[in-house]
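**Q** Let me see the structure of the following:
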Amino acid sequence: MERDSLGTAQRSRRQSLRASAAYGAVPAVLSSAYAIGTWSSPHRSPMLLVAALMIGFSALAWVAAQWISRTRWWIWIQQAAAGVSLAGSAALSVLDGGVAGPLGTFIPLSVVLMAVVVPPRMFLVTAGSGAVAYAVVLLFGDTPPAGYPLVHSLAFACIAFLCLRHSAVLASLRRRLADSSRTDPLTGCLNRRGFDSSVAAAMAEAERSGTPVTLVLLDLDHFKEVNDTYGHRAGDELLAWTGQELRADLRARDAVGRQGGDEFAMLLPGTGAADAEAVVERLRERLRPCAPGSLGHATFPEDAKDLSELLLVADQRLYQDKAARERRAPCAESVARARAGIRPSGPVPEVEARERRRHSIADPGWMSITQTCVAMIYVALVAGDHPHRTGMIALSVWGFVTGVALVAGADWVSRSRLARPVMLAFAFSAFVSCAAIATLDGGVDQPLGIGVLISIPLLMLGMRPEVAGPVAVAAGGLYVLVGLLVGDPGGWFLVIQLLGTAAAATACALQGRSAARQRRLLTRLSRVDVLTDVLNRRGFAERFATLIEEDRAAALLVLDLDRFKQLNDAYGHAAGDELLRWVAATLRERVRPEDVVGRLGGDEFVVLLTGGDAFAVAADLRTALAARTGASIGAAVLGVDGDDFDSLYAVADARLYEQKKPVPRYVRS
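**A** So this is what the prediction gives:
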């Protein structure tokens, strides 16, 4: 698992390095074609030389990306490569005439791209390098039209900031999803996936350095009786208390995991065999008042030479402890004390439903707000006597108001079925307004002409390609139309601006698609039970909430396997895990595709039915499961037995225990 994580990080770095290297070659390639096509103009030979050097450097960076991604200095090497690309773009712009020429947008577009591929903490270095390069072009290039540097600097800075903000939001979302995929939602401990990853990393470090590592296994006494006597809600709260107490004395490098049901494990790197016994006794005393349990431990390298042997020794000692102790189920007073002793653990960095969608919807609104503010600054400071000043202000006000409306209504739009038509209507309004402002300003080669193209990279970064692609093409068509009808920008100016923007937009789209793949994978991992491949507690709760929002008919089934604890004790946890996987598969086979199966923990499953007779389905499932194990099933109907998950769960759980009766023992397949 740790090696997989390291490999994923290196692949992400390599992709980032190659994205910046590929885009670094774009200005050079376009400049080469431009220089050859306008060979009669001055400075074409040195332009070709600079372009050739940039292409060679980008090719070298692409080839070396595999090696660079493995070094600890990869980010600084990427920054240095970006600096070389910016220096080359600055030289090309100076040789061609300055920031207002066809090559003048290469520097700000490069900064926008780096806002997407560079970690946010390092972007200030890139932004500073871009500002210096742009200042050099202003100083040594031809004098641009009045207001041109002001508008371009502000507009590209705003778009770069929005791209950086969007990338930071996506990075935060991925981090929280990764944390969720490793954490048990009930106890706050690591789940099996997260704990296995921590164990693998600790064992690899122990084998490398020779330091000891101790594994402690815990199995609560007669936990099944807590569920049977006081209900699953009380059992859940007892588990939450146990997880809280196990995490209370953790060092930064220690880890606690819930392995399933009432089984926990602790990983103690740096703890040797001499100290392990004291740790176990301290844990035993800490849990004794409310949740006594059997414990087993093993230490590497004293007790075991590898991970499988470590697990075997710890499990054997756990069962020895279980056989040597008089085990009793927690009494009512102990359960009540645990339920009252649960402390708030602080806010959990969960991922809200539709969070990414809400940000992606709000971003075009922020684009419109920033662009229209830049336009109004230009009119106020530079174009006070412009003949079309009133029209440009009116269009800017319209863009500002619609942008504010979209930002304010992003949450509603994200939940509405009208989201796509609303976004398409907004995009049409925004791009037509930008094209109209560019027309009034005198054409696309004037200061406000860039407004038609500048938002396309962010659009491709945040929206789905099937939506953003046609909008981007339409915006490019508007840009060409204004360029052909108003002013005289020249064919090369139009081509270079379009192709440069298209290259940045393509890079942003690829980054967005890669982020979406990672997000989908992490979302699934954080919502699906690692053992049974059905929804876990977190995923089931979210699906239930979505169904409530849609106001659909539904019923909740709560299932509890009979004598499951005896199965684990008699045949081992591997047999119990295999049965749980079979139960999950059987449940999915017997319900409809639109119904939802989840595992809340241990041997407790839930089914969300969206149609049919809940009590008849419960009887059918009980019959199907009887082939290998007895099961008690309680049902509750939405709108009849309750209006939310908690009320339905309470009713279904009560009915589950009402119909409990002696059942056949587990049958080994």
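**Q** lowest average confidence, helix or strand, in the protein?
**A** Lowest by mean pLDDT, DSSP states H and E among the helices and strands of the chain is helix 564-571, with a mean of 74.
**Q** ok, residues contacting it?
**A** Residues outside helix 564-571 that contact it (C-beta atoms under 8 Å, 6 or more residues apart in numbering): 222-224, 261, 322, 575-576, 579, 602-603, 629, 666, 668. In short, each C-beta sits where N, CA and C put it, glycine included.
**Q** again, only using 10 Å
**A** 219-220, 222-225, 227, 260-263, 319, 322, 561, 563, 573-580, 583, 602-604, 629-631, 665-666, 668 (C-beta atoms under 10 Å, 6 or more residues apart in numbering).
**Q** Of the residues you listed, grab the buried ones for PyMOL.
**A** Applying 16 or more other C-beta atoms under 10 Å to the contacts of helix 564-571 leaves a buried subset, and the PyMOL line that selects it is:
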select buried, resi 219+220+222+223+224+227+260+261+262+263+322+561+563+573+576+577+578+579+580+583+602+603+604+629+630+631+666
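**Q** Which of the contacts of helix 564-571 fall within helices?
**A** 223-225, 227, 319, 322, 573-580, 583 (DSSP state H).
**Q** From those residues, pick the one nearest residue 649.
**A** Among the ones in helices among the contacts of helix 564-571, residue 227 lies closest to residue 649 (C-beta to C-beta), at 13.0 Å.
**Q** need the contact list for the spatially closest residue to that closest one that is not a sequence neighbour.
**A** The shortest distance from residue 227 to any non-neighbouring residue, by C-beta to C-beta, 6 or more residues apart in numbering, is to residue 235 (4.1 Å). By C-beta under 10 Å, 6+ apart, the residues touching residue 235 are 220, 223-229, 261-262, 330, 335, 601-602, 604, 653.
**Q** do the same with residue 532
**A** Residue 532 neighbours (C-beta under 10 Å, 6+ apart): 260, 577, 580-585, 587-588, 597-599, 605.
**Q** For it, which non-adjacent residue is spatially closest?
**A** residue 584 (3.6 Å).
**Q** Also residue 522?
**A** residue 177 (3.7 Å).
**Q** Surely the one you found touches residue 539?
**A** No: the pair residue 177 / residue 539 is not scored as a contact, 12.0 Å apart, by C-beta atoms under 10 Å.
**Q** any residues in contact with both of these two?
**A** Counting by C-beta under 10 Å, 6+ apart, the residues touching both residue 177 and residue 539 are 523-524, 526-527.
**Q** Closest to residue 413 out of these?
**A** Sorting the shared contacts of residue 177 and residue 539 by distance to residue 413 puts residue 523 at the head of the list, at 21.0 Å, by C-beta to C-beta.
**Q** what sits against the closest one?
**A** 173-174, 177, 180-181, 351, 356, 539.
**Q** Give me the pLDDT value at it.
**A** Here, the pLDDT recorded for residue 523 equals 74.
**Q** Strands along the stretch 551-669 of the chain, start to end?
**A** All strands of the stretch 551-669 of the chain, identified by DSSP state E, counting those that start in this stretch, fall at 555-561, 596-601, 604-609, 631-637.
**Q** ok and the strand or helix carrying the residue nearest to residue 227 relative to strand 555-561, angle-wise?
**A** For residue 235, the host element (DSSP states H and E) is helix 232-247. Taking axes from the mean of the first three to the mean of the last three C-alpha atoms, to 10 degrees, one finds helix 232-247 and strand 555-561 inclined to each other by 60 degrees.
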